[in-house]
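Undergrad: here's a sequence, model it:
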Amino acid sequence: MQKIKFFLDPISDLETWLNETAKKGYRLKAINNFVYNFEKTDKNYSYSTQFIGANSSSENDSYIQMLKENGTRVYRAPLNQGSIVFGKVRFRPYAHGDGKIANSFQGFNKEILVVENNGKEPQKLLTDNSDLAEHYKNIKNAYLQGFIIVFALFVFSAYKVYKSNFEVSKIILSGIIGLVTLIVASILYKAQKNYKKYKKESELTD
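TA: This is a model prediction of the structure:
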């Protein structure tokens, strides 16, 4: 079975959707951008996701190799859904090491790690509060970069609306960009809230 799927917040929504699909008796076979391939199975599987877009390529390679050596099936999914790229480069100031310059040969369009678990309940990939705080900090920074871009586009589109004497087509376009800006802002707020929560809990346990 092949499914095409897009998510407002792929980092968290992807895990929920994969587990809902697994409960219907389908096992993930492959991920190709926004296309997901499944096979029918009578066994129980579940899936955990983790944002790894802030790691260096060597950190990700070592982590994934460790999981594979334990017999775990892993997949990588894109944060930028629908961005089909070859040879594309993106600057990530929040990332570690060579992860700051992401390209399609390394970490670009592979920012989300998907880990398959045996059984119905997905396992937590991160349990330490300080690790969780760092995880949500990285997510916050990733969405902050996107928010700055879409907010700048919204301001520019609003200016174009004003200059066009409120032309309908430009109002509609500005409205769409404004909606996207609000969606990214809400995801950014959620990540910031989780970051503060786990940072506070990690400080209490230190």
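
Undergrad: low-scoring stretches of the chain, by residue?
TA: The model of the chain has pLDDT under 70 over residues 81-108, 205-206.

Undergrad: burial count for Val115?
TA: Other residues lying near Val115 total 19 when counted by other C-beta atoms under 10 Å. Where C-beta positions appear, they are placed from N, C-alpha and C, glycine not excepted.

Undergrad: also Tyr26?
TA: Close neighbours of Tyr26, defined as other C-beta under 10 Å, add up to 19.

Undergrad: residue contacts, it?
TA: Tyr26 makes contacts with 1, 38-41, as judged by C-beta atoms under 8 Å, 6 or more residues apart in numbering.

Undergrad: now with 6 Å, please.
TA: Going by C-beta atoms under 6 Å, 6 or more residues apart in numbering, Tyr26 touches Phe38.

Undergrad: just Phe151 next, same as before
TA: Taking C-beta under 6 Å, 6+ apart, we find Phe151 in contact with Thr181.

Undergrad: ok, now how distant is it from Ser48?
TA: According to C-beta to C-beta, to the nearest Å, Phe151 stands 32 Å off from Ser48.

Undergrad: now Ser62
TA: Look at Ser62 and Ser48: by C-beta to C-beta, they are 18 Å apart.

Undergrad: Tyr189 now?
TA: The spacing between Tyr189 and Ser48, counted by C-beta to C-beta, is 24 Å.
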